[in-house]
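# With the sequence up front, the predicted model follows.
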Number of protein chains: 2
Amino acid sequence: MKLYNAWRSSASFRVRIALNLKGLPFEYVPVHLVKGEQFAEAFSALNPSQLVPVLEHEGHALTQSLAIIEYLEEKYPQPPLLPHDPLERAYVRSVALAIACEIHPLNNLRVLRYLVKTLGASEDAKNAWYRHWVEQGLAQLEARLVAERRTGRYAFGDAVTIADVCIVPQIFNAQRFDCRLDHVPTIMRIFDACMKLPAFVDAQPARQPDAE
Amino acid sequence: MKLYNAWRSSASFRVRIALNLKGLPFEYVPVHLVKGEQFAEAFSALNPSQLVPVLEHEGHALTQSLAIIEYLEEKYPQPPLLPHDPLERAYVRSVALAIACEIHPLNNLRVLRYLVKTLGASEDAKNAWYRHWVEQGLAQLEARLVAERRTGRYAFGDAVTIADVCIVPQIFNAQRFDCRLDHVPTIMRIFDACMKLPAFVDAQPARQPDAE
């Protein structure tokens, strides 16, 4: 398996965690997003959407972090990253999607660039935007986790799931942009529990070969 | 089953299509987003994230449209909305997620409100923002579909999948905001094919009881 990815990309970080949790070795192929390597011809041929991560496996180029992780779950079911029961699976997926669809998309590089270059937002306005969506999105997630009997050591009881795989990279992003996190103690407790596990620790941005 | 949803919400629209495709009857419970009914106490208790849709089933409140649809697929496998092979499933999910994570989140109501109220964007700038992400996101998806041998009558061969379930509501949104669509002929051909099916036609915003 080859993972085309970038050290700071949180979608890449999710897939690295999942690969580590499953114990699957992979070749790390860095794509330098700030230099625009995702727009180069070779990468565009691999993924016409020009986004990382891409997992190359059995001659196929798989895209979209959550689709890649569901694929890994189906091909390599042990250890499971989703519970068995359909209602519980729906819950875990909804936590993952709350991050992947509600928080993260508003804060990726191309969106921040548009705010500054096209809308003329100041550095302060850009950072306020970033913090607004992260802090509000995490507050909504915190409310769910607090209300939910299923919350345990991790987001779903005492087993690591794709919910945790999405939470951890989002917290790294939040910390990088100095977001408030004192209003989400449950999420931070889960984050701390995950960061005791080598699969998460080894996948973090600073430990990747292309880290700056 | 009870579906708390809103006629124009494209995440709601996706779930309505899936329920129709599976032939599952449901009670339609409208949530008036412009009036802020999603923030009311009763709805917040159901979904602390204060987002539609919510599917109530067997005493559980399921959230996030794609998690709900995966749940329906697991509980009611016929007719399937995902192919059988893991590589093919990953492909179909990646098309759905390309819309749900890359295009739609940038254009929902709360984001457009922030642009205008907090960043002081003009009506023109707001509409340009909307069109930018839709047109660029659809162009990237078009490039994938054109390059992909799996594209058929629908996004994945000749069977309707969750990819189509996400494409159709996104095109409704694009049309509503006068986005360019002449650069995505493959997507529009798929859209037209889907709109020949009652499951899609009946789920469209204008046909819902809360349509204005």
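Structure received. Numbers count the residues shown, from 1 in each chain, chains lettered A, B, ... in the order given.

# hmm, the longest helix along chain A in reach of chain B?
Ranked by residue count under DSSP state H, the longest helix found in chain A is helix A:123-147. Yes: Helix A:123-147 reaches chain B (C-beta under 8 Å from any C-beta of the partner chain) through A:Ala125, A:Ala128, A:Trp129, A:His132, A:Gln140, A:Leu141, A:Ala143, A:Arg144, A:Ala147. Any C-beta I mention is one placed from the backbone N, CA and C, and that applies to glycine too.

# Which of the residues you listed ranks first by neighbour count?
If you count neighbours using other C-beta atoms under 10 Å in any protein chain shown, the busiest of the residues of helix A:123-147 next to chain B is A:Leu141, which has 25 neighbours.

# my guess is that residue contacts A:Ala100, does it?
No: counting by C-beta atoms under 8 Å, A:Leu141 sits too far from A:Ala100 to count as a contact (11.7 Å).

# Please name every helix or strand in contact with the longest helix of chain A.
Counting contacts by 3 or more C-beta pairs under 8 Å, 6 or more residues apart in numbering or on different chains; DSSP states H and E, helix A:123-147 packs against helix A:86-102, helix A:109-117, helix A:162-176, helix A:185-194.

# how much does that helix deviate in direction from helix B:109-117?
Angle of helix A:123-147 versus helix B:109-117, following axes from the mean of the first three to the mean of the last three C-alpha atoms, to 10 degrees, is 150 degrees.

# what is the orientation angle of helix A:123-147 with helix A:185-194?
Relative orientation of helix A:123-147 versus helix A:185-194 (the same axes, to 10 degrees): 90 degrees.

# and helix A:123-147, how far out from the chain's middle?
15 Å (C-alpha atoms, centre = their mean, to the nearest Å).

# And stretch A:43-53, by the same measure?
How far stretch A:43-53 lies from its chain's middle: 18 Å, per C-alpha atoms, centre = their mean.

# and that stretch, how far apart are its ends?
Using C-alpha to C-alpha, to the nearest Å, one end of stretch A:43-53 lies 11 Å from the other.

# what residues does that stretch touch?
Here stretch A:43-53 makes contact (C-beta atoms under 8 Å, 6 or more residues apart in numbering or on different chains) with A:3-6, A:9, A:11-12, A:15, A:31, A:33, A:37-39, A:54, A:56, A:61, A:63, A:65, A:68, B:98, B:102, B:140-141, B:143-144, B:147.

# So for that stretch, what gets flagged as buried?
Buried residues in stretch A:43-53, counted by 16 or more other C-beta atoms under 10 Å in any protein chain shown: A:Phe43, A:Leu46, A:Asn47, A:Pro48, A:Ser49, A:Gln50, A:Leu51, A:Val52, A:Pro53.

# Now mean neighbour count, mean pLDDT and distance to chain B too, for the helices and strands packed on helix A:123-147, in TSV please.
Putting those into TSV (neighbours: other C-beta atoms under 10 Å in any protein chain shown; pLDDT from 0 to 100; distance: least, C-beta to the nearest C-beta, whole Å) gives the following:
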stretch	mean neighbour count	mean pLDDT	distance to chain B
helix A:86-102	24	97	4
helix A:109-117	15	92	7
helix A:162-176	23	97	11
helix A:185-194	18	98	12
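
# With distance to B:Val92 as added columns, please give these in JSON lines.
Below are these laid out as JSON lines (distance: least, C-beta to C-beta, whole Å):
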{"stretch": "helix A:86-102", "distance to B:Val92": "15"}
{"stretch": "helix A:109-117", "distance to B:Val92": "25"}
{"stretch": "helix A:162-176", "distance to B:Val92": "18"}
{"stretch": "helix A:185-194", "distance to B:Val92": "29"}
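
# CA-only coordinates of stretch A:101-114, as CSV, when you get a sec.
Taking C-alpha atoms only, stretch A:101-114 is exported to CSV below (Å, rounded to 0.1, in the frame of the first residue of the first chain):
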residue,chain,number,x,y,z
CYS,A,101,-18.8,17.3,7.1
GLU,A,102,-19.4,20.1,9.6
ILE,A,103,-16.1,21.3,10.9
HIS,A,104,-13.1,20.3,8.8
PRO,A,105,-14.4,21.4,5.3
LEU,A,106,-14.7,25.0,6.5
ASN,A,107,-11.1,25.2,7.5
ASN,A,108,-9.0,23.6,4.9
LEU,A,109,-6.3,25.4,3.0
ARG,A,110,-8.2,26.3,-0.1
VAL,A,111,-11.1,27.8,1.9
LEU,A,112,-8.7,30.0,4.0
ARG,A,113,-7.0,31.1,0.8
TYR,A,114,-10.4,32.1,-0.8
